[in-house]
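*Asks:* Sequence first, then the predicted structure, then my questions.
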Amino acid sequence: MRERILIIIPAYNEEKNIRKVVQSLQDTNSGYECLVINDGSKDNTQREAEANGLATVIELPSNLGIGGAVQTGFKYALYQNYDYAIQFDGDGQHLASEIPKILSPLQHNDYDVCIGSRFIEKTLGFQSTFMRRIGIRIFEIMNILLIKKRITDSTSGFRAYNKQAIAFLANNYPTDYPEPETVILLGKNDFRIREVSVEMVERQGGESSISGLKSAHYMIKVILAMLMTSQRQKIRRISL
Amino acid sequence: MIEDTLKLLLDNRIQVFSIIGSLMLFLFILRLVKRRKLKEEYSLLWLGFGFVFIVLSIFKPMLEIVASAVGILYAPAALLLMLVISVFFILIQFSIVISKLAEGNKNLIQEVGILKAELKKLKSLIKDKE
């Protein structure tokens, strides 16, 4: 049987990018099924996402934030029994052509989760700003301390998950700034995590969810969440 | 006789005030529960603290024992301290309830979104068939 792959694309006010993102995914591999989660956007994201008829679009009745939006995708993937889910940003910073790189470790059944990283080796593309790289380095150290795994790009939203991971995250996914926290959550619950080197580009438009004064709040909140998550007991997994 | 009682009340104004205040709080909460404006579950903390205040206001020696135990010289100040502590507990309970509500709300929003998308698909399928 053919493997069914769901591309989860969270989108908040991404009217400029979302159509291109969906188009590029379909152009790369028409076997990918695209799911756009419109997280209560105030602009024309919904219309733009539906425009080319290539994606299923879920319109959330109010804004949940990136974590709640992505989790909606996991729930959909679980209900529809997909084999793999790819988390893919709606702002155009991830490249559809890089998907096979993060998917193949899962298809060989060596890993449950694979994260696309900008920092394993110096890739050509976008490397983020200096301050952000410091923050990401702090997360890297915390990952080593808390789950004894070296994950260099905790904030990367370019990830692949297999069935077990999808079922787990459909029920347990952090809300506000979920990426670094999820690494700890998955590591703590014995999921096999792998990182592979990928290229990313600078965002095509829209605004980053984290900037200015919010950065301090972000760092404190995420560090607290990572520490708390690492102290929690293992969550019993539903067997598939 | 009446003068004596009045003088006694006047000298213990703070006690009279405390008794009336805590009684009113207690009755007010009961009324809210009776009228279903407040769930029993969330009234328990209020009623519990209200009851403690009534008892301590009426039996002044009890309050004095509590006050001296924690080293407060002016007994009614102990009542104030307990008031602050109880408000703290109730606020923490609020935060817990809000977190629970937010989680339930999130799940609802997610499921509604998924259902709406599936309904849309079904509708267009039916349209195609017709």
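*Replies:* Yes, it's here.
*Asks:* How about stretch B:110-124 and chain A, any contact?
*Replies:* Yes: Stretch B:110-124 comes into contact with chain A (Cβ under 8 Å from any Cβ of the partner chain), by way of B:110-114, B:116-117, B:121. Any C-beta I mention is one placed from the backbone N, CA and C, and that applies to glycine too.
*Asks:* which secondary structure element contains the residue nearest the centre of chain B?
*Replies:* Centroid-nearest residue in chain B: residue B:46, 3.9 Å away (criterion: Cα atoms, centre = their mean). Using DSSP states H and E, residue B:46 maps to helix B:40-58.
*Asks:* For chain B, just list every one of the helices.
*Replies:* For chain B, the helices defined by DSSP state H cover B:2-11, B:13-34, B:40-58, B:60-69, B:75-129.
*Asks:* Residue A:174 contacts residue A:185, doesn't it?
*Replies:* Yes: contact criterion Cβ atoms under 8 Å: residue A:174 and residue A:185 qualify, at 7.1 Å.
*Asks:* which neighbours do those two share?
*Replies:* residue A:229 (Cβ atoms under 8 Å, 6 or more residues apart in numbering or on different chains).
*Asks:* what sits against the nearest residue to residue A:11 once chain neighbours are set aside?
*Replies:* Nearest residue to residue A:11 in three dimensions, chain neighbours excluded: residue A:90, at 3.4 Å (Cβ to Cβ, 6 or more residues apart in numbering or on different chains). Residue A:90 makes contacts with A:9-12, A:14, A:17-18, A:21, A:36, as judged by Cβ under 8 Å, 6+ apart.
*Asks:* How about the residue nearest the centre of chain A: what's its closest non-neighbour residue?
*Replies:* Computing the C-alpha centroid of chain A and ranking residues by Cα atoms, centre = their mean puts residue A:157 first, at 3.4 Å. With Cβ to Cβ, 6+ apart as the criterion, residue A:157 has its nearest non-adjacent residue at 5.2 Å, and that residue is residue A:89.
*Asks:* how near is that neighbour to chain B?
*Replies:* Residue A:89 sits 19 Å away from chain B, taking Cβ to the nearest Cβ, to the nearest Å as the criterion.
*Asks:* per-residue pLDDT, that residue?
*Replies:* At residue A:89, the model reports a pLDDT of 93.
*Asks:* doesn't residue A:158 make contact with it?
*Replies:* Yes: contact criterion Cβ under 8 Å: residue A:89 and residue A:158 qualify, at 7.1 Å.
*Asks:* So those two - more neighbours on which side?
*Replies:* Ranked by neighbour count (other Cβ atoms under 10 Å in any protein chain shown), residue A:89 and residue A:158 place residue A:158 first, with 25 against 20.
*Asks:* Just list the residues touching that one, thanks.
*Replies:* A:87-89, A:94, A:98, A:102, A:115-116, A:198, A:200.
*Asks:* what about the residue nearest to the centre of chain A, is that helix, strand or coil?
*Replies:* Secondary structure, DSSP: H, G, I helix; E, B strand; the rest coil: residue A:157 is coil.
*Asks:* if we can go back for a sec, of the contacts of residue A:90, which is the nearest to chain B?
*Replies:* Chain B lies nearest to residue A:36 out of these, by Cβ to the nearest Cβ, at 9.6 Å.
*Asks:* ok but the closest one is inside a strand, no?
*Replies:* Yes: counting by three-state DSSP, residue A:36 is located in a strand.
*Asks:* What strand or helix carries the residue lying closest to it once chain neighbours are set aside?
*Replies:* Nearest non-adjacent residue to residue A:36, counting by Cβ to Cβ, 6+ apart: residue A:49, 4.3 Å away. Assessed by DSSP H and E, residue A:49 sits inside helix A:45-51.
*Asks:* give me every residue that touches residue A:2.
*Replies:* residue A:31.
*Asks:* Checking it next. Helix, strand or coil?
*Replies:* Going by three-state DSSP: residue A:2 is coil.
*Asks:* Distance of it relative to residue A:12?
*Replies:* Using Cβ to Cβ, to the nearest Å, one gets 32 Å for the distance from residue A:2 to residue A:12.
*Asks:* Which parts of chain A are helices?
*Replies:* Going by DSSP H, chain A shows helices at A:18-28, A:45-51, A:66-79, A:99-107, A:130-147, A:163-171, A:178-188, A:214-231.
*Asks:* just checking, residue A:156 touches residue A:178?
*Replies:* No: Residue A:156 lies out of contact with residue A:178 (Cβ under 8 Å); the separation is 11.8 Å.
*Asks:* Thank you kindly, that will do.
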